[in-house]
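> My questions are about this predicted structure, shown below with the sequence.
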Amino acid sequence: MISWIAPLQPLLLGAVLLWSARLKLLSRHAPAAARRSALAQLLGEQRALPAYRLVGGVEAVLAGFLLAPPALPAEAAAAALLSLGFAGYLAYARLAAPSSSCGCLSATRSPIGWRSFARTGALLAASLLALPATTSWTAVLADRPLPAAAVLLAGAAVLAALSPELDRHWLDQLRQLKVRLTKPLPTGFDVPLDSTVEQLRRSPVYAETAALLTSDLREHWDDDDWRILVYSARHAGGTEVSAVYAVPRLRYQPAAVRLALVDEPTGQVLLTRQSAPDAPLPDWTVPVPAAAGAGG
């Protein structure tokens, strides 16, 4: 059985490395992801992005070798060494910069936890499993299409389950389905603030704008179906502004989160961000209430 499973591992490893390299080399969120990673503390903020790009280049080159027939032990050995390097980086980040983000597969802020280490272990295991491969993955797919597809799908599912950065692509949808089916919120239920903040941090809008924030949560209040969260932020040119996020209060829908950067002295909205055009738009024309306190 190993004789036909081993050649499939380079395809799985190559796909993961290409996905990771895409973020580091092509994504417009790469600078923010590099700043949030432990590279900024390890190498300095100025060197973090070049190092981040360099890692992406190494991943892309190795992915090309892994995906191109024939299967060579040297390619699997290089993938194993890279996995060990990732494990060492995660261990350093966990100890020296525990609040840093992994920045591995997505620009979404994701703390380094057991799932990150388990994913690296799974990649190392796949690399070692690929060492004895003597045929290419193309030949195995041609000879055993259904079993090979099942093995690849299972491997991809395991890696996705071990990647907190990818939760919004599948786990968040499952949570939304559970909420819709079970309707756990009775009338008058007060949604915990921590739950709203967690939903905000899982939103695409937050991933795009978190680097602008300069404070923890300052104020919050409820406005019908929305919970408003206010942070301090820095806009273009270093202007101090308020980052006003509107988060769905009674439903779990991170993609519906909205943002406005507001100049409090004038009430002028300097920037807005949203990712769900079909969600009801909160009223951004109302200036931030000066008397609204943290208790909302």
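Nice, thanks for sending it over. Numbering: from 1, shown residues only.

> what stretches of the protein score poorly on pLDDT?
Within the chain, the ranges that satisfy pLDDT under 70 run 1-2, 179-180, 182-189, 275-296.

> domain assignment for it?
Domain ranges of the chain: 2-170, 193-273, per automatic domain parsing.

> Against the centre of the protein, work out the most remote residue.
residue 143 (36.2 Å; Cα atoms, centre = their mean).

> Who's the closest spatial neighbour of that residue, skipping the chain neighbours?
Nearest residue to residue 143 in three dimensions, chain neighbours excluded: residue 4, at 7.4 Å (Cβ to Cβ, 6 or more residues apart in numbering). C-beta here means a position set from N, CA and C on the backbone, and glycine is covered the same way.

> Please identify the helix or strand for the one you found.
Per DSSP states H and E: residue 4 is located in helix 2-5.

> With residue 177 instead?
Secondary structure assigned from DSSP H and E places residue 177 in helix 167-182.

> any idea how far the residue farthest from the centre of the chain lies from residue 136?
Separation of residue 143 from residue 136 (Cβ to Cβ, to the nearest Å): 11 Å.

> repeat for residue 63
Taking Cβ to Cβ, one finds residue 63 at 15 Å from residue 136.

> These two: which has the busier surroundings?
residue 63 (23 against 19; other Cβ atoms under 10 Å).

> close enough to count as contact, the more buried one and residue 11?
No. Residue 63 is not in contact with residue 11 according to Cβ atoms under 8 Å; the separation is 10.1 Å.

> Quick check: neighbours shared by those two?
Listed contacts common to residue 63 and residue 11 are nil; contacts here mean Cβ atoms under 8 Å, 6 or more residues apart in numbering.

> tell me the phi and psi of the residue farthest from the centre of the chain?
phi -80, psi -40 (degrees, to the nearest 10).

> cool, and residue 119?
Per degrees, to the nearest 10, the backbone of residue 119 is at phi -60, psi -40.

> That one: what's its closest spatial neighbour, skipping adjacent residues?
Using Cβ to Cβ, 6+ apart, the closest residue to residue 119 is residue 162 (3.9 Å).

> count of neighbours near the one you found?
Applying other Cβ under 10 Å, we find 18 residues neighbouring residue 162.

> now swap in residue 114 and tell me
9.

> Show me the contact partners of the helix holding residue 177.
108, 160, 185, 202, 204, 251, 252, 253, 254, 255.

> try 10 Å this time
Contact partners of helix 167-182, identified using Cβ atoms under 10 Å, 6 or more residues apart in numbering, comprise 106, 108, 110, 115, 157, 160-161, 163-164, 166, 184-185, 199, 202-204, 207, 250-255.
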